[in-house]
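Undergrad: sequence? don't have it. structure:
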């Protein structure tokens, strides 16, 4: 569970204002120093803020990269899936009376529509088409060539590469979510203790705290929002990334024949 990016950014800026204002109020500095918040301890807070700042921006950058890679990956999937689906539809008709060819190319029976399974199915299809002499001879009669099958197989490999890159970026993004939450909690713990001390020191003069950038009046509690992981259209190894099936069916649950 995590707060929204907007909340983290808002908290980062509000605390930044406080740290920037402290040196401008010597009397305030002297007052809090007398209660345990001298230069060294204030510097600890500054460093925690700096860490939080770094992690926030690292996460936002990684998130943007992950989304861009996901878009590229899904675009590539649309292309290679459409090509594979066109082969399946055509060859089911061309080989309607050839049980051996249908079986070798795995064009009959139930087929799993999950992303990982699609890769296995399509890779097997192209490799058998190229390397099985009997099947290749039949495909040649329909205009297929070694070059065309190799090109289509390379498309599957390119999609696999993009998917691996996406999953790596997504994992790194989630690691930064954990780091961001940890950095936030550490800074917040420091700020909560600091504000509690400031409220004690200036219990009769809260306006001074607001000048420094410490607002101690009641504020609405922000609701936590769960931040979803980037995905490739389903889950990494179980949903579909296409919304359809290789033989033109619909993306309902289960398998298709």
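TA: Good, I have the coordinates. It should be emphasised that the depicted structure is a prediction, and the values quoted were computed from it without experimental measurement.
Undergrad: from here on, contacts and neighbour counts on C-alpha atoms
TA: Noted.
Undergrad: Return the distance of the closest residue to residue 215 other than its chain neighbours relative to residue 178.
TA: Distances taken as Cα to Cα, 6 or more residues apart in numbering place residue 209 nearest to residue 215, at 6.8 Å, with adjacent residues excluded. Using Cα to Cα, to the nearest Å, we find residue 209 at a distance of 32 Å from residue 178.
Undergrad: same deal with residue 143?
TA: Between residue 143 and residue 178 the computed distance is 54 Å (Cα to Cα).
Undergrad: Tell me which of these two has more neighbours.
TA: Between residue 143 and residue 178, counting by other Cα atoms under 10 Å, residue 178 is the more crowded of the two (15 against 8).
Undergrad: so that one, which of the three states?
TA: Under DSSP: H, G, I helix; E, B strand; the rest coil, the three-state class of residue 178 is helix.
Undergrad: same question for the helix or strand residue 157 falls within, mean pLDDT?
TA: Assigned by DSSP states H and E, residue 157 belongs to helix 146-201. Averaged over helix 146-201, pLDDT sits at 96.
Undergrad: chain center to it: distance?
TA: 6 Å (Cα atoms, centre = their mean, to the nearest Å).
Undergrad: likewise stretch 38-45?
TA: The chain centroid and the centroid of stretch 38-45 are separated by 36 Å under Cα atoms, centre = their mean.
Undergrad: Touching that stretch from outside, list them.
TA: 29, 30, 32, 33, 187, 190, 191 (Cα atoms under 8 Å, 6 or more residues apart in numbering).
Undergrad: about what we covered before: how about the residue nearest to residue 215, what does it touch?
TA: Residue 209 makes contact with 198, 199, 202, 215, 216, according to Cα under 8 Å, 6+ apart.
Undergrad: Can you pick out the most distant pair from the residues you listed?
TA: Among those, the pair separated by the greatest distance (Cα to Cα) is 202 and 215, at 12.2 Å.
Undergrad: give me phi/psi at residue 62?
TA: phi -70, psi -40 (degrees, to the nearest 10).
Undergrad: For it, give me its contacts.
TA: Residue 62 touches 169, 172, 173, counting by Cα under 8 Å, 6+ apart.
Undergrad: How many residues are close by residue 120?
TA: 12.
Undergrad: Show me which positions of the helix or strand containing it end up buried.
TA: For residue 120, the host element (DSSP H and E) is helix 115-131. Residues of helix 115-131 classed as buried by neighbour count (16 or more other Cα atoms under 10 Å): 115-116, 118-119, 121-130.
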